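**Student:** Pasted the sequence and its predicted model underneath.
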Amino acid sequence: MLLRDVVERCQVSQVAALRWIARACLRNPAALLSAHALYRDLKSQGYAVSKDTVHALLGHLVDAFLLTLVPLATDSERRRNANPRKVYPVDPGIIGAFDVSGRTNLGHALETAVLNTLACQGADVGYVKTDEGFEVDFLARIPGEPERLIHVCADPTPQEVLARELRALDSAARAYPRAERILIVLTHDQAAQIGVSGVRVCTAHKWLLGEEA
């Protein structure tokens, strides 16, 4: 794909840098991505690239449907461009192929699947960073429908994890008071153990199938 859809079609000459960027992104699913940080890391590895080239190579990977970049949810174009984006592979199955940690990365795969479903629904998607420093995975806006604050958690059973996820949703709700708060978990048993006023808890399989969307 890199050879045919990017290198040949876009006439990329810095193939080694392109491969390095692709690996770096795919090894860090759902992580915050800064083109400046990529540029700095490439320079430290001895690659002679400019910042404009890094931006262009990232754009090629997005255009080739290898990556999806999610911006900060804000109405300010300046803030959106100044803040890092979250990077996702377009296919959750790619995550395991590039992971070097030995972890299952189930949470990142589930988050990616939720993002893909939102894209299929035509949603304008951004991530939320609150004034208190909390992060919510997605603010989804679909024309004609209410805004949705969506947090994804594959395993909310540890109390400290659940408290952190709910705290982030509560913090984001102060900035987006009209948005519905949704927590997507992996199993029915997990969902049955969570009862929180103002937060709709959905099992992943039903939400992805549209039964709880």
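**Tutor:** Here it is on my side, so go on.

**Student:** Please count neighbours and contacts with C-alpha atoms only from this point.
**Tutor:** Fine.

**Student:** any idea how far residue 15 is from residue 46?
**Tutor:** Look at residue 46 and residue 15: by Cα to Cα, to the nearest Å, they are 14 Å apart.

**Student:** Same drill for the two, tell me which one is more crowded.
**Tutor:** residue 15 (15 against 9; other Cα atoms under 10 Å).

**Student:** Tell me how many other residues surround the residue lying closest to that one once chain neighbours are set aside.
**Tutor:** Distances taken as Cα to Cα, 6 or more residues apart in numbering place residue 7 nearest to residue 15, at 7.0 Å, with adjacent residues excluded. If you count neighbours by other Cα under 10 Å, residue 7 ends up with 17.

**Student:** cool, and residue 10?
**Tutor:** Residues near residue 10, counting by other Cα under 10 Å: 13.

**Student:** what helix or strand does the nearest residue to it once chain neighbours are set aside sit in?
**Tutor:** Nearest residue to residue 10 in three dimensions, chain neighbours excluded: residue 60, at 7.5 Å (Cα to Cα, 6+ apart). Using DSSP states H and E, residue 60 falls within helix 51-63.

**Student:** and that helix, which residues are buried?
**Tutor:** 53-54, 56-62 (16 or more other Cα atoms under 10 Å).

**Student:** residues in contact with that helix?
**Tutor:** Helix 51-63 has contacts (Cα atoms under 8 Å, 6 or more residues apart in numbering) with 6, 10, 18, 21-22, 35-36, 38-39, 67-69.

**Student:** can we see that at 10 Å?
**Tutor:** 1-2, 5-7, 9-10, 12, 14-15, 17-19, 21-22, 25, 34-40, 42, 50, 64-69, 87-90 (Cα atoms under 10 Å, 6 or more residues apart in numbering).

**Student:** Which of the residues you listed fall within helices?
**Tutor:** Applying DSSP state H to the contacts of helix 51-63, the entries found in helices are 9-10, 15, 17-19, 21-22, 25, 35-40, 42.

**Student:** Among those, the buried ones, what's the ChimeraX command?
**Tutor:** A single ChimeraX command selects the buried members of the ones in helices among the contacts of helix 51-63 (16+ other Cα under 10 Å):
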select :17,18,21,22,25,35,38,39,42
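
**Student:** from the ones in helices among the contacts of helix 51-63, which is closest to residue 145?
**Tutor:** Nearest to residue 145 among the ones in helices among the contacts of helix 51-63, counting by Cα to Cα, is residue 25 at 32.1 Å.

**Student:** Show me what the nearest residue to that closest one once chain neighbours are set aside bridges to in the sheet.
**Tutor:** Ranked by Cα to Cα, 6+ apart and with sequence neighbours excluded, the top spatial neighbour of residue 25 is residue 87, at 6.6 Å. With DSSP bridges as the criterion, residue 87 is bridged to residue 31, residue 69.

**Student:** in this protein, which spans are strands?
**Tutor:** 31-33, 67-70, 85-89, 124-129, 135-141, 148-153, 180-185, 199-203 (DSSP state E).
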